[in-house]
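A.B. asks: Make a model of this:
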Amino acid sequence: MTDDELQDAAVHIADQFADHDRRFLALMTPQERAGHEQALWMLYHHVDRIWEAPKKAGGPHPVNLGGYGAVAGLRDLLAALIGHVEEVSAQAGDQPEDWRARMVVERND
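C.D. replies: Predicted structure coming up:
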C-alpha cells in the first residue's frame, strides 16, 4: 500500500468503527471512559513524537518522506477514537470533577 492508501485506510477504519466504539463507550462508567481517553492520548503522543521526529531533526516534513503513511494513519485513527470518547462523555454528562481525586495541601503553623 502507498502512504496515502495507508492513511486513507485508517480513516475508513475509524469511520466504520465509530458506531461500535460509541455503543461500548456508553456502557463504561465515567471513570472508565476517562481512563480509556487517557490511554488513547498517551498512545497518540507516542505516535505524534514519531511523526514530529524528522522535523525536529532538521529534516523534511514526514509527508515528504516515504513510509510515514502508517504513522499519519495512526494519528488520524487515534484522533478519531479520542473524539468518540469525548462525544460519548459529553452526551453522558460526565463531569471530571465528580471522579477525579483532589488533593488539598494546607499549611498548619
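
A.B. asks: Quick check: mean pLDDT of stretch 58-78?
C.D. replies: Averaged over stretch 58-78, pLDDT sits at 93.

A.B. asks: Next, the buried residues of that stretch.
C.D. replies: For stretch 58-78, the neighbour count (16 or more other CB atoms under 10 Å) marks 62, 68-78 as buried. The C-beta positions use only the backbone N, C-alpha and C, and glycine is treated the same way.

A.B. asks: again with stretch 10-23
C.D. replies: 10, 14, 21.

A.B. asks: Put the alpha carbons of it into PDB.
C.D. replies: Taking C-alpha atoms only, stretch 10-23 is exported to PDB below (Å, rounded to 0.1, in the frame of the first residue of the first chain):
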ATOM      1  CA  ALA A  10      -7.000   4.300   8.900                       C
ATOM      2  CA  VAL A  11      -9.600   7.000   8.300                       C
ATOM      3  CA  HIS A  12     -12.100   4.400   6.800                       C
ATOM      4  CA  ILE A  13     -11.500   2.100   9.700                       C
ATOM      5  CA  ALA A  14     -12.200   4.900  12.200                       C
ATOM      6  CA  ASP A  15     -15.400   5.800  10.300                       C
ATOM      7  CA  GLN A  16     -16.600   2.200  10.200                       C
ATOM      8  CA  PHE A  17     -15.700   1.500  13.800                       C
ATOM      9  CA  ALA A  18     -17.400   4.600  15.200                       C
ATOM     10  CA  ASP A  19     -20.900   3.200  16.000                       C
ATOM     11  CA  HIS A  20     -19.400   0.100  17.700                       C
ATOM     12  CA  ASP A  21     -17.000   2.200  19.700                       C
ATOM     13  CA  ARG A  22     -19.600   4.700  20.800                       C
ATOM     14  CA  ARG A  23     -22.000   1.900  21.800                       C
END
